[in-house]
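# Build the 3D model from these lines:
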Amino acid sequence: MRFDMKKLWKKCLVLFLCFCVMWSAGGIGNVYAKSLEEIRQEQLENKKKKDEAESQKNDAQKVVDDLQDEADDLGATYNSYNKRLQSVNQEITDTQNAIESANASISQLEKELAEAEAAEAEQYEGMKTRIQYMYENGSQSLLTTLLESGSMVEFLQRAEYVSSITSYDRKMMNSYAKLQETIKEKSAALSDKKTELSAYNDTLSAKQDELDDLVNDAGNAYSAKKGEVSAAQMSVEEYNAKIQEFRDNETALEGEAAAAQAALAQQILQQQQQQQQQGGDTGGDGSDGSDAGNAGDAGNTPQIPTENTGGSISYSDADLKLMAAIIQAEAGGESYAGQLAVGTVIMNRVKSSLFPNTLSGVIYQTNQFQPVRDGHLALILERGPNESCTNAARQVLNGYRSGDWLFFMTKKWADYYGITGYTMIGNHAFFRNWGAN
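Numbering: from 1, shown residues only. Model (predicted):
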């Protein structure tokens with residue numbers, strides 16, 4: 001009687017396990033639908049805020065760029081005015097040097113003129129003295145001097161001497177008069193040049209004052225604009241900080257999504273263990289099911305059974321486009337082998353009894369593919385997938401498989417969850433079992 005009760009208890013347990021399996025068969029992952037949906041909503045909201053921050057940052061950066069262009073123009077204007085001011089300053093210096101040189105020349109000419117006038121006065125006084133001497137002695141004395149000559153030659157020599165004295169005085173007087181005239185002409189020319197230079201110097205001084213004002217105004221405007229650029233740049237940096245915060249949050253949410261995938265894999269393994277337990281009980285092995293709760297124990301994780309997930313499926317143009325789009329969203333930057341590997345995982349799931357049995361069911365299964373959550377897939381569907389991903393999609397839909405994998409993620413998360421024996425293709429780790437492979 002006790003034996004019959006034990007058998008009855010086992011049958012009840014088997015029926016309960018079958019009910020659990022049937023309840024979960026409609027879509028593995030629904031047990032976690034609420035938490036996964038919350039993650040999905042957080043990811044969408046985070047992406048929306050990040051996109052808004054990036055858009056605001058781009059607007060702020062445009063303001064910075066425009067202000068910088070204005071600052072560059074003001075800086076160029078400032079430099080231009082400054083160069084002109086330096087040129088004017090140099091002209092003023094040269095002009096003042098020329099005025100000083102003219103003043104020195106005029107001073108020298110005035111000195112030479114004074115010397116010439118003094119020499120002329122001295123010559124004139126000497127001539128007057130000699131003439132006065134001859135007149136005071138009278139013409140008789142001059143005649144006596146000539147007649148007392150011992151010979152005609154001496155007479156002529158004395159007469160010529162008197163004439164020479166008079167001629168010399170006239171010649172020197174004329175020479176000094178011409179020298180004074182020349183000096184006066186040079187002095188007048190230098191005075192005119194000095195006047196001209198002084199007027200030019202006044203013009204340059206006025207221009208210098210004007211350029212001083214322009215340089216100061218341009219410098220102040222340039223400094224003010226640079227201040228605006230700095231303020232605007234701070235705004236950009238604030239947006240960068242916000243964007244980084246959203247990216248950090250995005251990384252955290254990716255971790256949560258990876259954890260959700262881990263939960264999905266654990267659910268699959270638990271389901272498989274329940275199926276194995278059911279088979280053991282119906283086979284009458286006498287097990288009391290005491291190991292049923294050890295599915296997640298380290299070193300005890302059941303392996304997902306091998307299934308025939310190869311072969312082609314019937315597909316429409318829309319299916320081809322959907323498969324190509326998810327491949328591009330997940331592996332658009334990967335090699336063709338990486339694109340085939342992503343397509344392989346999706347087709348293995350379609351063919352597996354553990355996942356939805358349609359292409360769209362697998363791709364849109366809750367929280368399984370990031371591009372579905374963040375809108376990237378929808379964007380590619382709108383624009384159309386590229387040729388490489390379309391070729392990879394067609395190849396896997398027609399039956400090609402590059403492995404028996406059911407999962408893929410980045411190496412970072414595969415290592416984080418202790419996945420071993422995975423296959424690295426590009427940036428993705430591909431594996432079948434959540435644990436040892």
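# Assign Met409 to helix, strand or coil.
Of the three states, Met409 takes strand according to DSSP: H, G, I helix; E, B strand; the rest coil.
# same question, Gly311
coil.
# Touching, it and Tyr400? I think so.
No: between Gly311 and Tyr400 there is no contact under CB atoms under 8 Å: 10.1 Å. Just so you know, the C-beta spots here come from the backbone N, C-alpha and C atoms, and that holds for glycine as well.
# Settle it for me: which of the two has more neighbours?
Neighbours of Gly311 and Tyr400, each counted by other CB atoms under 10 Å, are more numerous for Tyr400; the result is 15 against 10.
# Tell me the backbone dihedrals of that one, please.
Main-chain dihedrals, Tyr400, degrees, to the nearest 10: phi -70, psi 140.
# give me the element Ala429 is part of.
Assigned by DSSP states H and E, Ala429 falls within strand 428-431.
# and that strand, what other elements does it pack with?
Counting contacts by 3 or more CB pairs under 8 Å, 6 or more residues apart in numbering; DSSP states H and E, strand 428-431 packs against helix 336-351, strand 407-410, helix 411-416, strand 423-425.
# possible to save those as a markdown table with distance to Ala221 and mean pLDDT?
Output for the helices and strands packed on strand 428-431, formatted as a markdown table (distance: least, CB to CB, whole Å; pLDDT from 0 to 100):
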| stretch | distance to Ala221 | mean pLDDT |
| --- | --- | --- |
| helix 336-351 | 55 | 96 |
| strand 407-410 | 52 | 90 |
| helix 411-416 | 51 | 88 |
| strand 423-425 | 58 | 97 |
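# residue contacts, the closest residue to Asn82 other than its chain neighbours?
Of all residues not flanking Asn82 in the chain, Val215 sits nearest, at 5.4 Å (CB to CB, 6 or more residues apart in numbering). By CB atoms under 8 Å, 6 or more residues apart in numbering, the contact list for Val215 reads 78, 81-82, 85.
# Tell me the predicted confidence for Val215.
On the pLDDT scale, Val215 is placed at 78.
# Next secondary structure element downstream of the helix or strand that contains it?
Val215 is located in helix 152-282, with elements delineated by DSSP H and E. Where DSSP H and E defines the elements, the next helix or strand beyond helix 152-282 is helix 317-331.
# so how far is Lys411 from the nearest residue to Gly311 once chain neighbours are set aside?
Closest residue in space to Gly311, ignoring its immediate chain neighbours: Gly399 at 5.3 Å, by CB to CB, 6+ apart. According to CB to CB, to the nearest Å, Gly399 and Lys411 sit 29 Å apart.
# Gln328 - how many residues pack around it?
Gln328: 27 neighbours (other CB under 10 Å).
# ditto for the one 3 residues further on
Burial measure for Ala331: 25 neighbouring residues, criterion other CB under 10 Å.
# wait, it sits on His428?
Yes: assessed by CB under 8 Å, Ala331 is found in contact with His428 at 7.1 Å.
# so what sits against both of those two?
338, 341-342.
# quick check, nearest of these to Gly435?
Taking CB to CB as the measure, Ala341 is the one of the shared contacts of Ala331 and His428 closest to Gly435, at 19.9 Å.
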